[in-house]
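> Predicted model, plus sequence, below.
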Amino acid sequence: MAKKVTPYKDSELGKKAQVTQMFDTISDKYDGLNRVISFGIDVQWRKRVVSIVKKTTPNSILDIATGTGDLAINLIETGADKIVGLDISPGMLEVGKKKVQAKNLENTIEMIVGDSENLPFEDNSFDAITVAFGVRNFENLEKGLAEIYRVLAKGGTFVVLETSVPTKSPFKQGYHLYTKNILPVIGKMFSKDRSAYRYLSESASVFPHGEAFNNILRKIGFIEVENKPQTLGVASIYIGKK
């Protein structure tokens with residue numbers, strides 16, 4: 001079982017409330033942070049997610065933990081008639097809504113506040129569901145994945161983009177050096193909330209990745225499960241079907 005990580009160790013709040021508070025705090029810096037800490041490679045990772053989803057020709061897509069809407073906006077390329085971006089952080093969504101409005105995509109993309117572990121949708125509602133850098137923030141991972149399975153249509157595709165830890169030397173050692181020594185310095189440049197950036201690093205290091213996460217998806221009921229390591233294993237794209 002993965003070690004439980006919370007952003008604010010001295011807080012009496014549960015993980016869900018803490019994560020919401022954390023992302024509200026850093027919402028205006030989040031896009032810039034992503035570009036810097038990934039050296040811009042996260043843009044390519046999202047494009048690969050879009051390519052996978054596009055091949056399934058979905059009419060409706062749910063993007064969970066949509067944050068500031070980067071992936072939801074990119075998913076326009078799939079040709080879907082309706083895209084819903086859901087996030088627990090109102091602050092992140094406000095940034096996302098402005099981006100959607102600036103691109104005149106309000107008729108296709110709807111941004112709503114919601115909890116991934118209690119999705120406000122009927123069973124079998126979406127042809128495809130995506131999560132980018134969000135599943136490790138679920139308070140109850142299996143409950144959140146079970147909710148995703150419930151609202152995914154039969155035959156639908158679930159795609160996850162998440163950080164992972166390289167397993168081969170010297171990339172493994174380089175990854176740990178970067179996340180423990182360099183990432184905190186970058187975080188301080190973006191925000192006074194040092195706890196937030198410590199959490200982003202620690203949660204990635206302890207989250208089950210590779211075959212461990214594949215097995216969790218299979219336990220929930222997903223089939224044809226596979227994972228595609230990205231950029232020497234610092235991220236992975238997971239795919240499952242219902």
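Looks like it arrived, so ask away.

> counting contacts, what elements does the host helix or strand of Met111 pack onto?
For Met111, the element it lies in under DSSP states H and E is strand 109-113. Contact here means 3 or more CB pairs under 8 Å, 6 or more residues apart in numbering; DSSP states H and E; on that basis strand 109-113 packs against helix 70-74, strand 82-87, helix 90-102. Where C-beta positions appear, they are placed from N, C-alpha and C, glycine not excepted.

> Recalculate using a threshold of 10 Å.
Using 3 or more CB pairs under 10 Å, 6 or more residues apart in numbering; DSSP states H and E as the contact test, the elements touching strand 109-113 are strand 60-64, helix 70-74, strand 82-87, helix 90-102.

> What is the three-state secondary structure of Asp115?
Here Asp115 is recorded as coil under DSSP: H, G, I helix; E, B strand; the rest coil.

> dump the residue contacts of it.
Asp115 makes contact with Lys16, Thr20, Ile64, Leu86, Asp87, Ile88, Phe138, Glu139, Gly144, Glu147, according to CB atoms under 10 Å, 6 or more residues apart in numbering.

> can you rerun that using 7 Å?
The neighbours of Asp115, taking CB atoms under 7 Å, 6 or more residues apart in numbering as the test, are Ile88.

> In terms of pLDDT, where does it sit?
On the pLDDT scale, Asp115 is placed at 94.

> any idea how far Ser89 is from it?
In this structure, Asp115 and Ser89 are separated by 11 Å, where distance is defined by CB to CB, to the nearest Å.

> Asp123 is in contact with Glu147, correct?
No - look at Glu147 against Asp123 with CB atoms under 7 Å: they stay out of range, at 10.4 Å.

> Fine by me, we can end here.
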